[in-house]
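Enquirer: got a sequence here, can you model it:
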Amino acid sequence: MIQTQQTNALVLEDGSQATKSIKMSIDWESEEFLMQTLSKNFYADSIGSLCREISSNSIDSCRRANVTDIPIIVSFKKNEMDNYEFSVEDRGVGLDYDDVVDIVSKYGRSTARGDEGLLGLMGYGFKSPMAYTSSFTFIIRKDGIERKCMMYEGEDGMRIDLLDEDSTTEPNGVKVIVPVKYEDVKDFYNKIQEQLCYFESVYFDVDCRYGTIDNNFKITRYDNFQVSELNHDDSLHICLDNVYYPIDYSKLGIDRISVPVGLRFSLSDGIYPTPNREQIRYTSEAKSIIINKIKTVATKLVEMYNESVKDSDDIDKIVKFYSNDSKLLDIGHKHNIDIDDVIKYSSVSCKEPSLKGISKLDLRFLCKKRMDKLMENYTISFNTRRGRIRESRGMETLSFYQLTHNTIYKYSDRLGKLKRQYINSIICKDCLIVKKTRKRKLFPTGGYSYNDNSYYTFLDLHTHPREDWRILIKELQFIESIYEKRFIDLDTLEVPKAYIDAHKVTRSYKKNGHQKLEGEISCKRAEPLERYVDGRNCKFTPFSVDLGKLPSTKGFYIYTSHENNDKLNVLYKIAKEQKITFITFSDRELKRLKDANIHNLISYEKFMEGNNTKFKRLVTAYLINKLVGENRYLFNNRSSLSSVSTDLVGKLDLLYDYYSTNYSSGSETLYDEMVNIAKEYSLFDYSVHDTYREIKETLDKFPFLNALCKVMQYDNSARNPIIVDLLKYHKYKVNLEHYTNQQTETNI
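Expert: Residues are numbered from 1 along each chain as shown. Reported below is the predicted structural model:
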C-alpha cells in the first residue's frame with residue numbers, strides 16, 4: 001500500500017520569526033520499550049489482528065510472485081499433540097535468512113509500502129502473533145532451502161532463532177504457525193470467518209469443536225459493494241481491498257444501516273487504516289468518501305430493487321407486496337436482504353407495482369388499512385365443522401383471512417334443505433357459505449360509525465378530488481369482483497337426480513316406521529350429536545343396510561351389538577376422518593351375519609385384530625401425532641427450512657399431511673391398546689411408517705432442530721445457517737448448494 005505523506009499544518013503568525021527550530025526524533029535508548037509496546041500492546045483485538053495480518057502478508061507475497069492458481073491455506077485444527085494451532089501457508093516469493101535479518105526482524109520495515117496493489121504498510125504484520133502469544137514458529141522456503149525459525153520474547157527483548165535448515169524441492173513460500181489456547185478456540189473460529197470472509201484465493205482447513213468452514217461458500221462482487229456468505233455482520237461495513245472493517249457510525253454521524261453488504265474500496269481510494277489496521281481512520285476526507293460510497297451503493301440497490309418490481313394482474317402478488325413492511329432484494333446472498341435502511345441515501349425512489357386496471361386507487365392504503373373489510377358485505381351463513389355444515393351464529397362478516405384461507409360458496413336468497421344436505425355430502429374442509437346481506441352505499445347512513453361500509457368512509461373520499469370519486473369506486477368494485485369470481489355459486493348448483501331419488505327412498509323408509517325393503521337388514525347407525533352430551537361422541541339412529549348390495553359399495557362398516565355400542569362410541573371419535581360407518585345389530589340380526597362373508601363389513605373384535613387398512617392408518621397417524629406434538633416448533637416452521645434440506649422438509653410435509661388427514665383426538669386408552677397390538681404384529685401403514693421411523697430417529701438424534709425452531713422461530717436468516725452447519729457436522733444430507741463452491745465476480 002502506498003501511504004502518502006499527510007500534513008495537518010496550522011501556521012500561527014504573530015509578527016515574529018522563531019529563533020530556533022527543533023526536529024523531533026526517536027529516542028533509540030528506548031528501542032526495547034518501543035518494540036515491547038509494538039509487540040504486546042499494539043493490538044486491541046489480538047486474535048482478529050493476527051488472523052488478518054498473517055493472511056494479508058501471504059496474499060501480498062502471492063501477488064508479488066504473480067501466483068494466482070494456488071490459494072493460501074488457512075488452517076485451524078489440532079496437531080499431532082492434540083493441541084490447537086492456527087497457521088497460514090502461501091506459495092509466494094518466500095523468504096531466506098537475509099530476509100529474516102533485514103526485514104522480518106525490523107520493526108517498521110515493509111516491502112509493501114511502495115506498491116499500491118499490496119496490503120502491507122507498517123511493517124508490523126509479521127510480528128502480530130506476539131500480541132497473542134510469547135512465541136510462535138514460521139517455516140520459510142526460498143531458492144531450494146527450507147528454514148524453520150522461532151520468534152519469541154527473550155529476557156533482553158524480542159528475538160528470532162534459526163532452528164533448522166535443509167534443502168528442499170518444495171516451491172518458495174512461508175508458513176506461520178501460532179499455538180492456540182484451548183479457551184480461545186471459539187474466538188479463533190469466529191475471527192477467521194470475520195476477518196477473511198472476503199479474501200480471494202483462500203482455502204480453509206478448519207475443524208474444531210465449534211464446527212468447520214465450508215469452502216463452498218459464495219462471494220458475489222459488484223462494482224461498489226459485495227456480499228459473502230461467511231460474513232456475519234448484519235450492518236453495512238467496509239471492505240478495503242477485501243479486508244473487512246466495521247463502520248463506526250458515531251464517527252460518521254449517521255444511524256446504523258442494517259444491510260449485510262460490504263462497501264468496496266481499493267487501496268488507492270483515499271481510505272486508510274489506523275497503524276494497527278484494526279479500524280479505518282475517520283478523517284474529514286475519509287468520511288466524505290465513505291458517505292459518497294454509501295449513496296452510490298444505496299442508489300444501485302434501489303435501482304436493482306426497482307428492476308425486480310413488476311406490474312401484475314395477479315391480485316394475490318399485489319396484496320403480498322403491499323402487506324410486507326420490508327423491501328427485500330436478491331443480490332446473490334444466501335438470503336434476500338432488506339434494503340429499508342439505505343433507501344434514504346438513494347438518489348432514486350423505490351418503485352411500487354401497479355395492478356392492471358387500477359390507476360387512481362392507493363393500493364398500499366387499501367392493503368394495509370382496508371383489506372380486512374373488503375368483503376364485509378358478505379355474511380357467513382354456514383361453515384363446516386366436524387365434517388358437517390353448521391349454521392353460523394350471529395352476523396359474522398367475511399374477513400380477508402377467511403377469504404384467502406377457505407373455499408367460499410355463495411347463495412343469493414335461500415338455501416333449501418335438500419340442497420344443503422347434498423352440499424353436506426360433497427363439501428370440502430375449510431369452507432364457508434356466505435350470503436350478500438349489504439350493499440355498499442356512497443355516503444354513510446345514520447352518521448359515521450366504526451362499522452360503516454360506505455364508499456365515502458372505506459376509500460376516504462374526502463381526501464380525493466371529487467372528480468376522481470367515480471374512478472376510485474369503479475376500481476374498488478373491480479378488485480371486489482376479482483375475489484367474487486373465486487366464489488362457487490350455489491344458486492347454479494343442480495342436485496343430481498340420483499341423489500334426489502335416493503333421498504326419497506330414505507324419506508319413505510323413515511315415514512313408514514322403518515319398514516324393511518327387500519334384502520335389507522335392520523340396524524342402528526352412528527351419527528353426529530346435535531348437541532353436547534357428556535360422555536357421548538355420537539348417537540345411534542335406526543337404519544338399514546342391504547347385505548346383497550353392501551360389497552359393491554365404497555363404504556367400510558364396523559358393527560357390534562346394541563348392548564356394546566359404547567365401544568363404537570369411543571372408536572367413532574378417533575376414526576371420524578376414516579369414512580367408516582359404525583352400526584349396531586340386535587342379537588337376532590347378528591345371527592344372520594354369522595355366516596356372512598362381506599369384505600367391507602367386519603365386527604369390532606375383528607377390526608381390533610388390526611389386519612385392516614383403517615386400523616393401520618389410525619395407529620400410524622397416532623404415532624405421527626405424538627411426534628408432531630414433541631417437535632411442534634419444527635413442524636410449524638418446516639416450510640422455512642426448505643433452503644436447508646428439501647429432502648427433510650418433504651418428509652416432514654408427508655408426515656404432517658398424513659397426520660392432518662387421518663388423526664382425530666380421542667381416547668388415549670384405546671389408542672394405546674391399538675398401538676400395542678400393532679407393535680406386536682407389525683400392523684402399520686408402511687406407505688408412511690418407514691418415513692416416520694426415519695424422521696423419529698433423526699429428531700431423537702438431533703434435538704437441536706426443534707430447540708432452534710423454538711428460540712429462533714421468527715429469525716430464519718440467523719437460524720438456518722446454524723442448522724445447516726450442525727447437520728453437516730453430523731453428516732446429515734443438506735441441499736446441494738451448501739456443498740458447491742460458488743464464488744462469482746459480477747460487474748453491474
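
Enquirer: okay, now residue 394: neighbour count?
Expert: Per other CB atoms under 10 Å, the neighbour tally for residue 394 reads 7. (C-beta placed from N, C-alpha, C; glycine too.)

Enquirer: so what are the domain limits for the chain?
Expert: Following automatic domain parsing, the chain resolves into domains at 29-214, 249-356, 379-392+407-492, 506-608, 615-744.

Enquirer: lowest-scoring secondary structure element of this protein by mean pLDDT?
Expert: When the helices and strands of the chain are scored by mean pLDDT, DSSP states H and E, strand 742-745 comes last with a mean of 45.

Enquirer: sorry, back to before: and the domains of the chain: which comes nearest residue 500?
Expert: domain 379-392+407-492 (7.2 Å; CB to CB).

Enquirer: residues in contact with residue 143?
Expert: Contacts for residue 143 (CB atoms under 8 Å, 6 or more residues apart in numbering) come out as 94, 96, 172.

Enquirer: grab the nearest non-local neighbour of the first one.
Expert: By that I understand residue 94. Counting by CB to CB, 6 or more residues apart in numbering, residue 172 is the residue found nearest to residue 94 once chain neighbours are left out, at 3.0 Å.

Enquirer: kindly reformat the domains of the chain as TSV containing distance to residue 228.
Expert: Output for those, formatted as TSV (distance: least, CB to CB, whole Å):
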stretch	distance to residue 228
domain 29-214	4
domain 249-356	7
domain 379-392+407-492	43
domain 506-608	49
domain 615-744	9
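
Enquirer: low pLDDT regions in the stretch 201-350 of the chain?
Expert: For the stretch 201-350 of the chain, the stretches flagged by pLDDT under 70 are 333.

Enquirer: circling back: select from the contacts of residue 143 the one having the most neighbours.
Expert: In terms of neighbour count, residue 172 stands highest of those at 22 neighbours, by other CB under 10 Å.

Enquirer: pretty sure that residue sits against residue 89.
Expert: No - using CB atoms under 8 Å, residue 172 is not in contact with residue 89, being 11.8 Å away.

Enquirer: need the per-residue pLDDT for residue 741.
Expert: Listed pLDDT for residue 741 reads 50.

Enquirer: just the helices from the stretch 101-250 of the chain, written as ranges.
Expert: Remark: helices assigned in the stretch 101-250 of the chain by DSSP state H, counting those that start in this stretch are 185-196, 249-252.

Enquirer: list the contacts of residue 327.
Expert: With contacts defined as CB under 8 Å, 6+ apart, residue 327 is in contact with 305, 338-340, 343, 350.

Enquirer: oh, I was asking about residue 92
Expert: So residue 92 contacts 58, 60-65, 67, 172-174 (CB under 8 Å, 6+ apart).

Enquirer: of those, which belong to helices?
Expert: Judged by DSSP state H, the subset of the contacts of residue 92 located in helices is 58, 60-64.

Enquirer: of those, select the buried ones using a ChimeraX command.
Expert: To isolate the buried ones among the ones in helices among the contacts of residue 92 in ChimeraX, judged by 16 or more other CB atoms under 10 Å, type:
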select :58,60,61,62,63
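
Enquirer: just give me the closest of the ones in helices among the contacts of residue 92 to residue 272.
Expert: When the ones in helices among the contacts of residue 92 are ranked by distance to residue 272 (CB to CB), residue 60 comes first, at 16.7 Å.

Enquirer: against residue 243, how distant is the closest one?
Expert: When distance is defined by CB to CB, to the nearest Å, residue 60 is 11 Å away from residue 243.

Enquirer: now residue 732
Expert: Distance from residue 732 to residue 243, by CB to CB: 35 Å.

Enquirer: so between these two, which is more surrounded?
Expert: More crowded of residue 732 and residue 243, by other CB under 10 Å: residue 243, with 22 against 18.

Enquirer: my guess is that one contacts residue 52, does it?
Expert: Yes - contact criterion CB under 8 Å: residue 243 and residue 52 qualify, at 6.5 Å.

Enquirer: any weak-confidence spans in the protein?
Expert: Judged by pLDDT under 70, the stretches of the chain that qualify are 1-41, 107-124, 333, 385-387, 428-429, 446-451, 503-519, 740-748.

Enquirer: the longest helix in it is where?
Expert: Max-length helix for the chain by DSSP H is helix 284-308.

Enquirer: just checking, what packs against that helix?
Expert: Under the contact criterion of 3 or more CB pairs under 8 Å, 6 or more residues apart in numbering; DSSP states H and E, helix 284-308 touches strand 225-228, helix 249-252, strand 262-265, strand 328-329.

Enquirer: what comes into contact with that helix?
Expert: Contact partners of helix 284-308, identified using CB under 8 Å, 6+ apart, comprise 222-225, 236, 238, 247, 251-254, 257, 259, 261, 263, 265, 269-272, 280, 327, 329-331, 339, 342-351, 748.

Enquirer: and if we set it to 6 Å?
Expert: Helix 284-308 is contacted from outside by 224-225, 252, 263, 270-271, 329, 339, 342, 345-348, 350-351, using CB atoms under 6 Å, 6 or more residues apart in numbering.
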